[in-house]
Every structure is written in C-alpha cells, then in structure tokens.
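J.: Pasted the sequence and its predicted model underneath.
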Amino acid sequence: MRFGIIPTGKPYKIIVDRTEGIRYAISLAKSGDMIVIPGLGHDLYLEKNGVKYPYDERKIIAQLINEMIESGEKTPIS
C-alpha cells in the first residue's frame, strides 16, 4: 500500500503491526468518520514469514474499542 501513497507527496505513517495500525486508526477517528481496514476481512489468521497465526480481526477490533472506552480514550456511540 505504501507505494500507492508515496507519489501523492502527503505525509503518512507506516505501522507494520496490523493491530497497532488498527488501534492508531481508531484513535484518530472522530464521530462521523469511517475507517476502512482492507485485507483480511473473513480470514481467521495472519501470516508472517510463511507462518499462520490465529487472528480474528472482528474480535481484535471489538477488543480495541472496548479497551479504549474503558480507559476513557473513546466514548461509546449512543
């Protein structure tokens, strides 16, 4: 994805760890924003160096949001 961004000349941030990247996107989001997380979707694993690790993105996203709400970083949508 990085190669599609470089020609724009706009600043960007590279976060290699997928969970940390998702956390960062959620932390920046404001009410009314939409976050697009392309790539895994329905896959239940994350592959690194040819090794598959269990990774349910839906559960990870829910966990991150719950942690942010519990810590006060984000407020629940009502």
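T.: Received, thanks. Numbering: from 1, shown residues only.

J.: which stretches of this protein have low pLDDT?
T.: Across the chain, the ranges flagged by pLDDT under 70 are 1-6, 41, 78.

J.: Show me what counts as buried in stretch 61-78.
T.: Of all the residues in stretch 61-78, those buried under the rule 16 or more other C-beta atoms under 10 Å are I61, L64, I65, M68, K74. C-betas here are computed from N, CA, C, even on glycine.

J.: For it, which outside residues touch it?
T.: Stretch 61-78 is contacted from outside by T19, I22, R23, I26, S27, S31, I37, using C-beta atoms under 8 Å, 6 or more residues apart in numbering.

J.: Compute the distance from the centre of it to the centre of its chain.
T.: 14 Å (C-alpha atoms, centre = their mean, to the nearest Å).

J.: Only alpha carbons, please: show that stretch as CSV.
T.: Only the C-alpha atoms of stretch 61-78 are listed here, as CSV (Å, rounded to 0.1, in the frame of the first residue of the first chain):
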residue,chain,number,x,y,z
ILE,A,61,-11.4,-4.5,16.6
ALA,A,62,-14.1,-5.1,19.2
GLN,A,63,-11.4,-5.6,21.9
LEU,A,64,-9.5,-2.4,20.9
ILE,A,65,-12.7,-0.4,21.0
ASN,A,66,-13.7,-1.8,24.4
GLU,A,67,-10.2,-1.1,25.8
MET,A,68,-10.4,2.5,24.5
ILE,A,69,-13.8,3.0,26.0
GLU,A,70,-12.8,1.5,29.4
SER,A,71,-9.7,3.7,29.5
GLY,A,72,-11.7,6.8,28.7
GLU,A,73,-9.8,7.4,25.4
LYS,A,74,-13.0,7.0,23.5
THR,A,75,-16.7,7.3,24.4
PRO,A,76,-19.4,4.9,23.3
ILE,A,77,-21.6,5.9,20.4
SER,A,78,-25.1,6.4,21.6
